[in-house]
Structure formats: C-alpha cells, structure tokens
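Asks: The following comprises the amino acid sequence and a computationally predicted model.
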Amino acid sequence: ELPPSHFPARRAAAVAVGYLRYLRGGPGRRLELRALRRARRQDIDDVGHKYYLELELEDVLDKGRTVNCTAEVLYHLGSKSTAPDVQVTVQGELRSTEEADKEFYNRIRSLEKELVAENIPDSHGNVPPALEPIHLLAWAASGYVIWQNSTENTQFHLAQVKHVKQVKRSDEDLQFDYVLLLHEMVSQEVIPWELTVLWHPQSGARVSWDRRQPGHA
Amino acid sequence: DQVLHIVPETFQQVQHLQLLCSTLLLDLWKPLLPESIRAGEDLHIRVPATLEQEVKDSLHQHMISYRVLIPDVQKLVDQSMPRERSSHRQVSGGYVYTEYHPMEEIYEWMTQIQKNNSELVTQRFLGKTLENRPMYYLRISQPSNKPKKIIWMDCGIHAREWISPAFCQWFVKEILQNYKSDPKISRFLQNLDLYVLPVLNIDGYIYSWRKDRLWRKNRSPYKNGTCYGTDLNRNFNSSWGSVGVSFNCSSDVFCGSGPESEPETRAVAQFIKSKKSDILCYLTIHSYGQLILTPYGSTTKPPSNTEELMQVAKEAAAALTGKYGTSYRVGSTALILYSNSGSSRDWVHTIGIPLSYTFELRDTGTHGFILPANQIQPTCEETM
C-alpha cells in the first residue's frame, strides 16, 4: 500500500492519466486528474513493478463531472526503452462528444489555408477560443508521448504547444504536425517533442510519428 | 433601471399590478412572486430602462401611486464593486494585481508602494544580480519600541513560475490595504516584521519575458559563454551537489560551480545569515504542484522539529482548501516530490531557522507554469 500523496504513486497516476487521455481525449474532451484515492505496488520478480491505482478524474467539459477509474501500470524491469504496460477501466460512460467533434472536423476541412499556430497558450496563459480544440487534441496526443516515455523516475506534463501545422490529406483523416514542450518534473527539463497526429471523429486520435527533438529547448 | 416602491390600496390595484408584472416579466424584489402581492403591503419592482415609460404610464392610468426607491440601479452596483478597485489607487495608484507584470513595472511598483505607505514600508537593497541589476526587498514594519521577529518570503527564484512574483505583490497589497481594518493582520504587524522579496531571480524572470517563457535558472554564463544558467534552488549550501542535481551547465538543475557560486544566492544567504536569530519563519514561493513542502530534499530523515513543521503546514493547507476547495499536499520534498540538494529552504533550516517552507502554488499540471492570469486572484486569495 502506498501513500497517495507521495511521488511514486503520483508518477504512476500521471502515466495512467496520459494513457487515458490518449485513448479517450480529443478536441472535444478534457480529462483531468482530480484525486488519487488509493495506490498499491507489487514487485514482480524478473518482470518489474506494478502499480494498482484508484483514480478520480473529471470530465472538464461535461461540467466537471466526476469519472472514477481504476488503473494498472507495469513498469518493466531495467528497460528504459520499453513503455510501461497500462490498463485503465472507466466506471460508467463518458459524455459523447459527437457534435463537437463533427463541428471541429467540418470546420477544419473547410479551411482554405492550412491551419498554423504557435504558443498555445501564450505567455499569459491565454488560448483563443477557436484554438481550444487544437489545444485539447495536443493534450490527448501528449498522453501518448507521456505513456510511452515514462519511467518510475520521471513525471511529464504538457507545458505548451510550441507550434502546430495542419497538413491536408487526400484521405478522411485530419493531420496536425505538432511541436510540444513537455515539462519533466524530476530533471526540470523542458523537452521539445515533434509529433504527427491523425484524427477522425470516428476513430479518435492516433500518433503516427513522434520524435524527441535533438538538442536543448 | 429603476426600482419603484408601491403600496397597492385596493384589490383591483393588486390585480393590475400582478398582471403587469407577469406580462412584462418584471423583476420583483419584494415580494418575490406576483401572487404574494397584497394590498397595504410594500411592493418593490425593478423596471428596466426600456420599459420605464410604459410601466409608469400604466400606473398613472390605474391611479396607482409610486415612489422611485432607487433611481439608478447600475450606479449602486458600481459603487458596491469589490474594494480592490478603489484601494488599488490608495495603495499604489491603479496597479493591476490580476495581471502578470514585467520586471520594469515591478521595480516601479516597489517604489510606489514605499512612497504611498512610507509609515510602514521601506524598500531595501539586497545585492546585485549577475547581469548587474539591483535586488530589492520590501520591509513592512509597524513602528514600535519592542524588537520584532521576522517573517521572510521570497518569490521568483525560478524564472518561469510567474504566479510566484504575482503572489508576492498581491500579498503586500493585501497587508497594506487591510492592516488597519483587519484585526488578524493588525495583531500580526504588532508582533512581527515582514520582509518580502518579490523577484529573487530577476535576470531569469526578464529572460522568460523576452526570450524563453519556460526558462528556469539565472543567466550566469559558463563554458566561455556557450552555456547559461544555474538553478538557484540547487545552489545553496545545504548538502550542495549531492543529489537531484547536475554538474552539466546545460541541465535545468545545474547546481553551479560551487555552493553559493551565484551572486543572487549570496545576496540572499548573506542577508539571512545576518538576521538569523530574528527570523522566525522562512517562506519561498514556487509553482506548480499545490504543495506545502518541509525540509529536507536531500534526505528522508526528518528534521528535529518535524511535528511542529507538519502541524503548521497541515493547518495552512486546510485553511487554503477552505477558500475554494483547492487541495494541497503536505510533506517533505524527499517524500512528496523528489530528491534534491542545495535548496534555499533546506539551507535556511540547517542554519537554525525553525519554520521553513516551500510553497508550490497552482496548478497540478493542467497549465503548469503558464497559469492563466484569470487564476491569479483565486490563487492569491486562497494562499493568503
């Protein structure tokens, strides 16, 4: 049993939330960790450390409604290049984002010029309302990077969207090339990360390519 | 908009008034519902400006007399607006505390604060930054013939944590605005002096405004000017260089070339050393994380006065949560966050100052360092 306020459980929770954001987040849905209720750790010989978590999330755009989840995060022993295995079970249904998704999809498809933006939010924390879905999509995509690159010695958060560029495609997907700035809490580094995100209302977000940008932020 | 006062005399008048209110959807202040209108009892209705003529004509037609209770509702609303507006002018001539300010404006603000509150406040020189800028702190002290203990608070040791200097400014404003009227604050100042350093890492803060919003360290050049910045909160002489640091200048936790290698660190350390027997409590304000952290970062071994430290911190966290429900975690850095050495908070405790805390303000990662300005007020209010 682990104290939920201490960092080992918190780091595992951040991985679980990142994973869930990637799976269920999108331009119309923002999921935040509200509380970590309970955490246990199991050390499995020759395998790694497995964390069992009880989380309380909130669906911010659904009036901050509470979403209860359980999660399992397995950090593989010794390996720095294997992503942790994560499983998350959401209790109940999340509010449908079908309408907002369709609206966003149509709006972007109808743009004459490909969307380009930078510094979301700006230095003062402002996000123009029209860019909020792009921001939320970045959050969802950052969940993938966070999940894939986390260890027991890291804790990542999305600090800022440095740059985003839409790329028009001949198929049905929307494509956005992002440069995200990720803040890693333990080293305090701000790490630029390039990713290509594909999104469609029916299939959700997929990171098709990603790379940690070489050099320092 | 106006509010009219009417005392209906007959049942017919009551009926007419009920009809008028329901048809025009008038805002009843007293009673709340049309069906509660009674002859001989006070009736107060708010009439929107656009309907004023129509309503008054209708009342005339039915011989219902009225009196104007409130001639201009908006004016009353404006007058009762939060104190901040008018007291800003008192305290420092219109400074907007709900926005982030660049360093030039913070320098001006300090001058103004001293000027407008000279009976209580003195601006004092602490030292110079690497890029040769003056570091000032504000001493808030009520004149008295008895010697007073000191509470020290510094903000902005890490450049990107903008909410931190914003809090120091807010804190000063709140104290100066309310010390006469708030018994808690007034008693406080009778017994304690407050020393507030609004921006410790001035060069870094300026850099985060001009060049890189997410800069953390100071602007000390290393390796022949190919690499910049020491993490000032790894540079103090508390187990310096032992854990949670890097000796590589390009790291964000680079601890410098030695303990107190940086002028900003030395300026603060020298001062605190000189006053250490009078300092009761040391507070250093950071973001983000929503944490109240106690010593130590370099070891999980608890400090000698750990019970007292935790008790005070827990009470503070509870009071903070009481305001807007924001939850804070409390505990030692080594357990709650990560291992680190060379922090100002740890060093202050090791030289004998009993109460030493790091505050990590809002939020927990949603906005992180780039906390929107519209959260300045609630963050500061709850932390206050």
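Replies: The structure has been received and is ready for your questions. Numbering: from 1, shown residues only, chains lettered A, B, ... in the order given.

Asks: What's the separation between the one residue sitting closest to the centre of chain A and B:Ser250?
Replies: When Cα atoms, centre = their mean is applied to chain A, the residue found nearest the centroid is A:Gly143 (2.1 Å). From A:Gly143 across to B:Ser250, the span is 28 Å (Cβ to Cβ, to the nearest Å). Yep, even glycine has a C-beta here, placed from its N, CA and C like the rest.

Asks: repeat for A:Val145
Replies: Applying Cβ to Cβ to A:Val145 and B:Ser250 gives a distance of 22 Å.

Asks: A:Leu61 too?
Replies: 39 Å.

Asks: Same question for B:Glu382.
Replies: If you go by Cβ to Cβ, the gap between B:Glu382 and B:Ser250 works out to 37 Å.

Asks: Find the closest residue to chain B in chain A.
Replies: A:Gly125 (3.0 Å; Cβ to the nearest Cβ).

Asks: pLDDT wise, what is that residue at?
Replies: At A:Gly125, the model reports a pLDDT of 93.

Asks: do the same with B:Glu41
Replies: According to the prediction, B:Glu41 has pLDDT 88.

Asks: How far off centre is stretch B:159-178?
Replies: Between the mean C-alpha location of stretch B:159-178 and the chain-wide mean there is a distance of 5 Å, by Cα atoms, centre = their mean, to the nearest Å.

Asks: ignore the last one, stretch A:167-185
Replies: Here stretch A:167-185 is found 13 Å from its chain centre; the criterion is Cα atoms, centre = their mean.

Asks: rewinding a little: and A:Val145 and B:Ser250? which has more neighbours close in?
Replies: Neighbours around A:Val145 and B:Ser250, counted as other Cβ atoms under 10 Å in any protein chain shown, are more numerous at A:Val145. The numbers are 24 against 15.

Asks: That one is in what secondary structure piece?
Replies: Taking DSSP states H and E as the definition, one finds A:Val145 inside helix A:132-149.

Asks: on that earlier part again, now do the contacts for the residue nearest to the centre of chain A.
Replies: The neighbourhood of A:Gly143, defined by Cβ atoms under 8 Å, 6 or more residues apart in numbering or on different chains, consists of A:Val17, A:Gly18, A:Tyr19, A:Leu20, A:Arg21, A:Tyr22, A:Leu23, A:Gly25.

Asks: mind running it again at 7 Å?
Replies: Taking Cβ atoms under 7 Å, 6 or more residues apart in numbering or on different chains as the contact definition, A:Gly143 lies against A:Gly18, A:Tyr19, A:Arg21, A:Tyr22, A:Gly25.

Asks: Buried residues in stretch B:266-273, which are they?
Replies: Burial within stretch B:266-273, assessed by neighbour count using 16 or more other Cβ atoms under 10 Å in any protein chain shown, is assigned to B:Arg266, B:Ala267, B:Val268, B:Ala269, B:Phe271, B:Ile272.

Asks: now stretch B:149-157
Replies: Counting neighbours by 16+ other Cβ under 10 Å, the buried set in stretch B:149-157 is B:Ile150, B:Ile151, B:Trp152, B:Met153, B:Asp154, B:Cys155, B:Gly156, B:Ile157.

Asks: do that stretch and chain A meet?
Replies: No: looking at stretch B:149-157 against chain A by Cβ under 7 Å from any Cβ of the partner chain, there are no contacts, and the closest approach is 12.5 Å.

Asks: Count the residues that sit near the closest residue to chain A within the stretch 1-150 of chain B.
Replies: Taking Cβ to the nearest Cβ, chain A has its nearest neighbour within the stretch 1-150 of chain B at B:Tyr100, 5.8 Å off. For B:Tyr100, the count of nearby residues is 20 (other Cβ under 10 Å).

Asks: and if you look at A:Glu152?
Replies: A total of 18 residues lie near A:Glu152 under the criterion other Cβ under 10 Å.

Asks: Identify the residues contacting B:Asp252.
Replies: Contact analysis of B:Asp252 by Cβ under 7 Å, 6+ apart lists A:Ser187, A:Gln188, A:Glu189, B:Arg216, B:Lys217, B:Asp231.

Asks: again, but for B:Pro8
Replies: With contact set as Cβ under 7 Å, 6+ apart, B:Pro8 has these partners: B:Val14, B:Leu17, B:Ile37, B:Ala39, B:Leu43, B:Ile64.

Asks: still on that earlier bit, which of the buried residues of stretch B:266-273 fall in helices?
Replies: B:Arg266, B:Ala267, B:Val268, B:Ala269, B:Phe271, B:Ile272 (DSSP state H).

Asks: Report the residue ranges of every domain in chain B.
Replies: As given by the TED database, the domain ranges for chain B are B:2-76, B:103-212+B:235-383.

Asks: Lowest mean pLDDT across these, which one is that?
Replies: domain B:2-76 (a mean of 88).
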